[in-house]
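In: model this:
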Amino acid sequence: MKIEALKKRLDKNRPMTEITLKIPSDVLEDLKRVALKLGFADY
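Out: Next up, the predicted model:
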């Protein structure tokens, strides 16, 4: 993946879509921590 494409993927202001997904609770907690570190307050 090119650097410019990667930067676009990390843009916090890009459109979001809500989905329903079943994943283990511990995985969700890890994803929340990563999201907060990347600045996604509403993971």
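
In: switch to C-alpha atoms for all contacts and neighbour counts from now on
Out: Will do.

In: what are the phi and psi values at Leu6?
Out: phi -60, psi -40 (degrees, to the nearest 10).

In: then Arg14?
Out: phi -80, psi 160.

In: how many neighbours does it have?
Out: By other CA atoms under 10 Å, 8 other residues sit near Arg14.

In: same question for the one 4 residues further on.
Out: Burial of Glu18, expressed as a neighbour count using other CA under 10 Å, amounts to 5.

In: quick one, helices of the protein?
Out: 3-9, 25-37 (DSSP state H).

In: format these as CSV; extra columns: distance to Met16.
Out: Listed next are the helices of the chain as CSV, based on distance: least, CA to CA, whole Å:
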stretch, distance to Met16
helix 3-9, 12
helix 25-37, 14
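
In: rank those by pLDDT, which is bottom?
Out: Lowest mean pLDDT within those: helix 3-9, at a mean of 84.

In: go ahead and flag the most central residue of this protein.
Out: Ala35 (5.4 Å; CA atoms, centre = their mean).

In: surely it meets Glu29?
Out: No - using CA atoms under 8 Å, Ala35 is not in contact with Glu29; the gap is 9.9 Å.

In: ignoring the adjacent residues along the chain, who's closest to Ala41?
Out: Take Ala41 and drop its neighbours on the chain: the residue closest to it by CA to CA, 6 or more residues apart in numbering is Ala35, 7.0 Å away.

In: could you do Phe40 as well?
Out: Closest residue to Phe40 apart from its sequence neighbours, by CA to CA, 6+ apart: Lys12 at 6.9 Å.

In: what is the burial count for the one you found?
Out: Neighbours of Lys12 under the rule other CA under 10 Å: 12.

In: returning to what we had before: need the winner for burial among the helices of the chain.
Out: Highest mean neighbour count among these (mean count of other CA atoms under 10 Å): helix 25-37, with a mean of 12.

In: give me the distance between Ile3 and Thr20.
Out: Using CA to CA, to the nearest Å, Ile3 is found at 30 Å from Thr20.

In: likewise Asp30?
Out: Asp30 sits 18 Å away from Thr20, going by CA to CA.

In: cool, Asp42 as well?
Out: For Asp42, the distance to Thr20 equals 15 Å [CA to CA].
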